[in-house]
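Participant: What follows is a predicted structure for the sequence shown.
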Amino acid sequence: LADAFYKHSVSGLVILDRNFNFVRVNEAYARSCRKDIGEFAGRNHFEMYPSDVQPIFEEVVRSKRPYATFTRAFVYPDQPERGTTYWDWTLVPILDERGEVEFLVFSLSEVTERKRAEEERLAHLRFFESMDRVNRAIQGAGDLEQMMGAVLDEVLSIFDCDRAWLVYPCDPEAASWSVPMERTKPEYPGARARAIEIPMDAEIQRVFRAVRAAERPVAFGPDSEYPLPEWLREQFGVRSQLTMATYPRTGKPWEFGMHQCSYPRAWTQDEQRLFQEINRRLADALTSMLMQRDLRESEEFLDSVVENKPDMVFVKDAQALRFVRFNKAGEQLLGYPREDLLGKDDYDFFPKEEADFFTAKDREVLD
């Protein structure tokens, strides 16, 4: 019965001697390794498959106690195309008549699909948590500077990068470019900390064109089709860069990016997908903040024009025809300070006949 169970078990079952040499394997284990059963005879398990589970096996031999099920990642050295696989292990010692470990029996079940599904679920959770942090940073900002700084703070934390930044304009035809906002780890100060306006050159133009031509994040550095520009390494200590063009609905494009200076980093697909979504949200926030800034500047400009116009300019509400605004010339002409004029009507300053005339003209205009 034991032999039948051993032979037909869907889990891999293996017997090793105390030196971890194969004594017996079942067909399920041989299939998982894509080998014939005979290929294991007399060979050492960890010479065939080096693994970080060896210390656990050694501990079982020392303690003579079973080891509960644990999960480990494994890459087959002779089958790299399989990528990383995940396995549940259970290890039991078999003692001889003297109480010493004579054999080790372990079972092995592949749980790669389960593990990947769990990792995918956690990746989705991290994605939405990260986007929630970025959205909160945007919603809590009162102006453009605060918004940019808050978003880059979150990017620095979420990606654990060394520098997060915004460049303007992302325009290869511009004469120069600058860094309106960045956040860095203290040991990696950037362009804004050095307060420099950077002139355009052919290498920077190449970067801007590559970024603007791409619909996805562009990585510069290891495992990328784009080599890292040497000036980035020399001037700013950059070893890897991930960047995208950002297109608010007003003004020129911006460039949004991250630097890794402490080591050459290969950005994962999940990281790039999250970075792209943050960039989309950032473009919306820039649109809103830039339009608010432009509107505020326009209002301030018009206020200045009205205030400094030599002719009297006033505003009345359309119902009671009371004054709600006067410029400086209006104060001088009527001879009253502004606070005494607001909320009053023509009858407070002119004889009744003149006030009736002005009121009738106002109603005629309104009609």
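Facilitator: Sure, I can see it. Numbering: from 1, shown residues only.
Participant: other SSEs contacting the host helix or strand of residue 255?
Facilitator: Using DSSP states H and E, the element containing residue 255 is strand 254-260. When contacts are defined as 3 or more CB pairs under 8 Å, 6 or more residues apart in numbering; DSSP states H and E, strand 254-260 packs onto strand 163-168, strand 240-246, helix 269-308. Backbone N, C-alpha and C define where each C-beta goes, glycine included.
Participant: Outside of that strand itself, list whatever touches it.
Facilitator: By CB atoms under 8 Å, 6 or more residues apart in numbering, the residues outside strand 254-260 that reach it are 155, 159, 161-170, 188, 190, 208, 211, 221, 232, 236, 238-248, 275, 278-279, 282, 286.
Participant: That strand pairs with which strands, parallel or anti?
Facilitator: Partner strands and pairing direction for strand 254-260 (DSSP bridges) are strand 163-168 (antiparallel), strand 240-246 (antiparallel).
Participant: Distance to residue 102, mean pLDDT and mean neighbour count for those strands - can I get that in CSV?
Facilitator: Listed next are the strands paired with strand 254-260 as CSV, based on distance: least, CB to CB, whole Å; pLDDT from 0 to 100; neighbours: other CB atoms under 10 Å:
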stretch, distance to residue 102, mean pLDDT, mean neighbour count
strand 163-168, 58, 96, 24
strand 240-246, 52, 97, 24
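Participant: What backbone torsions are found at residue 159?
Facilitator: phi -90, psi -10 (degrees, to the nearest 10).
Participant: can you tell me how far it sits from residue 262?
Facilitator: For residue 159, the distance to residue 262 equals 13 Å [CB to CB, to the nearest Å].
Participant: Settle it for me: which of the two has more neighbours?
Facilitator: Legend: neighbour count by other CB atoms under 10 Å for residue 159 and residue 262, higher for residue 159 (19 against 15).
Participant: what's the closest non-adjacent residue to that one?
Facilitator: The shortest distance from residue 159 to any residue other than its chain neighbours is 5.9 Å, reached at residue 258 (CB to CB, 6 or more residues apart in numbering).
Participant: Residue 252 now?
Facilitator: Distances taken as CB to CB, 6+ apart place residue 169 nearest to residue 252, at 3.9 Å, with adjacent residues excluded.
Participant: Please report how far that neighbour lies from residue 279.
Facilitator: 16 Å.
Participant: Comparing those two, which residue is more hemmed in?
Facilitator: A direct count of neighbours by other CB under 10 Å for residue 169 and residue 279 places residue 279 higher, at 21 against 16.
Participant: ok, back up a step: of all the strands paired with strand 254-260, which lies closest to residue 33?
Facilitator: strand 240-246 (36.3 Å; CB to CB).
Participant: And the contacts of the closest one?
Facilitator: 166, 170, 207, 211-212, 214, 216-222, 228, 232, 253-260, 263-267, 271-272, 275-276, 279, 282-283, 286.
Participant: cool, and stretch 184-198?
Facilitator: Outside stretch 184-198, the residues that reach it (CB under 8 Å, 6+ apart) are 156, 162-165, 176-182, 204, 236-237, 259, 261-262.
Participant: hmm, try it at 10 Å
Facilitator: 152, 156, 160-167, 175-183, 204, 231, 235-238, 259-262 (CB atoms under 10 Å, 6 or more residues apart in numbering).
Participant: and residue 82, which of the strands paired with strand 254-260 is closest to it?
Facilitator: Nearest of the strands paired with strand 254-260 (CB to CB): strand 240-246, 27.6 Å.
Participant: got the angle between the closest one and helix 269-308?
Facilitator: Put simply, strand 240-246 runs at 50 degrees to helix 269-308, going by axes from the mean of the first three to the mean of the last three CA atoms, to 10 degrees.
Participant: Pull the distance from strand 240-246 to the chain's centre.
Facilitator: The chain centroid and the centroid of strand 240-246 are separated by 11 Å under CA atoms, centre = their mean, to the nearest Å.
Participant: Please report how far the residue nearest the centre of the chain lies from residue 181.
Facilitator: Per CA atoms, centre = their mean, the C-alpha nearest to the average position across the chain is that of residue 275, at 4.1 Å. Computed as CB to CB, the residue 275 to residue 181 distance reads 17 Å.
Participant: So residue 354 is in contact with residue 348, correct?
Facilitator: No. Using CB atoms under 10 Å, residue 354 is not in contact with residue 348; the gap is 11.9 Å.
Participant: Return the residues in contact with residue 64.
Facilitator: Residue 64 makes contacts with 93, 94, 95, 99, 100, 101, as judged by CB under 10 Å, 6+ apart.
Participant: Quick check on it: phi, psi?
Facilitator: In terms of degrees, to the nearest 10, the main-chain angles of residue 64 are phi 60, psi 30.
Participant: Residue 266 is in what secondary structure piece?
Facilitator: Using DSSP H and E, residue 266 sits in no helix or strand.
Participant: I'd say it and residue 220 touch.
Facilitator: No. Residue 266 lies out of contact with residue 220 (CB under 10 Å); the separation is 11.4 Å.
Participant: the more surrounded of those two?
Facilitator: Using other CB under 10 Å as the criterion, residue 266 and residue 220 rank with residue 220 on top: 22 against 12.
Participant: Strands of the protein, start to end?
Facilitator: Under the criterion DSSP state E, strands of the chain are mapped to 12-17, 22-25, 67-74, 85-95, 101-110, 163-168, 176-184, 198-199, 218-220, 240-246, 254-260, 314-316, 323-326.
Participant: Redo the ones you listed as TSV? Include distance to residue 332.
Facilitator: Below are the strands of the chain laid out as TSV (distance: least, CB to CB, whole Å):
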stretch	distance to residue 332
strand 12-17	97
strand 22-25	103
strand 67-74	82
strand 85-95	83
strand 101-110	89
strand 163-168	43
strand 176-184	42
strand 198-199	50
strand 218-220	60
strand 240-246	49
strand 254-260	46
strand 314-316	13
strand 323-326	10
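Participant: Perfect, I'm done here.
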